[in-house]
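Novice: Sequence plus predicted model, see below.
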Amino acid sequence: MGEKREVKLFGMWASPFSLRVEWALKLKGIDYEYINEKDIPYKKSQELLHFNPITKKIPVLVHHGKPLPESTVIVEYIDEAWPNGFRILPLDPFERAQARFWARFADEKFLPIIFNVYTKTGEELKKAAKELQEALKNLEKALDGKKFFGGETLGYLDIIVGWIPYWLRVIEELTGAIIIDDETLPLMNAWFDNFLAVEIIKNTLPPKDEFYEFSRGRREEFMSGQLTLD
């Protein structure tokens, strides 16, 4: 579309929030320049700090020199700024509101619980895993009768919660916890497979071996107290 120089994305290769924005851009067919921030926490580039002096976090989309932070906000902006082609948010106002509700529910509910599964062991891990299963059962209701949250094709909610299948499978391997299977969450388990099979999604995900080692190292840092959340 000839806009690569006009669209920049500041992200980080292992960030689920950066991936949300990449998926939205790719589904829309928008060319962009990707600036990968360092893996080391708290060490931000001067360019990132210039464009996002408030939260100092990725992702940041820069369009025609104007910066926009926060992944959910960026995804919605992309859908509105490039209205032609693939539609991310539903056209129907009620369905659009529902998608936003579930997206907010997911961000508020799943991030802290998944972090607990990621960093706990023993009884604390079992408790966190059970809590996560119960939360996923609530989200699974939005999949009733659908292949994707967006229906027969990907939609806004798929993009927002799409990090969970890949990240959670790796966390299951790291911790030994089994969160998702056909018995406990059949619709969610099927959605995991359907989502990860989409070419744009599959081709944008971090390499499995590298991501596993990165996640293993970060888990050890969190568990030892060397690393804490912002």
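Specialist: Cool, the structure landed.
Novice: In this protein, what helix or strand scores lowest on average pLDDT?
Specialist: Using mean pLDDT, DSSP states H and E, the weakest-scoring helix or strand in the chain turns out to be helix 46-51, at a mean of 92.
Novice: can you list contacts of that helix?
Specialist: 10, 35, 37, 56, 58, 60, 62, 67, 69 (C-beta atoms under 8 Å, 6 or more residues apart in numbering). Bear in mind the C-beta positions are built from the backbone N, C-alpha and C, glycine included.
Novice: Three-state assignment for the fifth one, please.
Specialist: Recorded secondary structure, residue 58: coil (DSSP: H, G, I helix; E, B strand; the rest coil).
Novice: CA atoms only for the least confident helix or strand of the chain - export them in CSV, please.
Specialist: This file holds the C-alpha atoms of helix 46-51, laid out as CSV (Å, rounded to 0.1, in the frame of the first residue of the first chain):
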residue,chain,number,x,y,z
GLN,A,46,15.2,7.0,23.4
GLU,A,47,13.0,6.8,20.3
LEU,A,48,10.3,4.8,22.2
LEU,A,49,10.5,7.2,25.2
HIS,A,50,10.1,10.1,22.7
PHE,A,51,6.9,8.6,21.2
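Novice: Show me which residues of it are buried.
Specialist: 48, 51 (16 or more other C-beta atoms under 10 Å).
Novice: Repeat that for stretch 186-193.
Specialist: 187-189, 191-192.
Novice: Could you do stretch 122-134 as well?
Specialist: For stretch 122-134, a neighbour-count test (16+ other C-beta under 10 Å) marks 125, 128-129, 132-133 as buried.
Novice: Which strands or helices does the longest helix belonging to the chain pack on?
Specialist: Looking across the chain with DSSP state H, the single longest helix is helix 93-119. Judged by 3 or more C-beta pairs under 8 Å, 6 or more residues apart in numbering; DSSP states H and E, helix 93-119 is in contact with helix 122-140, helix 156-161, helix 163-175, helix 208-224.
Novice: rerun at 10 Å
Specialist: Secondary-structure packing of helix 93-119 (3 or more C-beta pairs under 10 Å, 6 or more residues apart in numbering; DSSP states H and E): helix 16-28, helix 71-81, helix 122-140, helix 156-161, helix 163-175, helix 208-224.
Novice: Mind listing what's buried along that helix?
Specialist: 98-100, 102-103, 105-106, 109-110, 113-114, 116-119.
Novice: Domain map for the chain?
Specialist: 4-81, 93-224 (automatic domain parsing).
Novice: Please write out the alpha-carbon positions of stretch 70-88 in PDB.
Specialist: Provided in PDB are the C-alpha atoms of stretch 70-88 (Å, rounded to 0.1, in the frame of the first residue of the first chain):
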ATOM      1  CA  GLU A  70      -1.900   0.700  24.100                       C
ATOM      2  CA  SER A  71      -2.600  -2.400  22.000                       C
ATOM      3  CA  THR A  72      -6.400  -2.500  22.200                       C
ATOM      4  CA  VAL A  73      -6.600   1.200  21.300                       C
ATOM      5  CA  ILE A  74      -4.200   0.700  18.400                       C
ATOM      6  CA  VAL A  75      -6.200  -2.300  17.000                       C
ATOM      7  CA  GLU A  76      -9.400  -0.200  17.000                       C
ATOM      8  CA  TYR A  77      -7.600   2.700  15.400                       C
ATOM      9  CA  ILE A  78      -6.200   0.500  12.600                       C
ATOM     10  CA  ASP A  79      -9.800  -0.700  11.800                       C
ATOM     11  CA  GLU A  80     -11.100   2.900  11.700                       C
ATOM     12  CA  ALA A  81      -8.100   4.400   9.900                       C
ATOM     13  CA  TRP A  82      -8.100   1.800   7.100                       C
ATOM     14  CA  PRO A  83     -11.800   1.000   6.800                       C
ATOM     15  CA  ASN A  84     -11.500  -0.900   3.500                       C
ATOM     16  CA  GLY A  85     -10.700  -4.600   3.300                       C
ATOM     17  CA  PHE A  86     -10.800  -6.900   6.300                       C
ATOM     18  CA  ARG A  87     -13.200  -5.800   9.000                       C
ATOM     19  CA  ILE A  88     -11.900  -6.300  12.500                       C
END
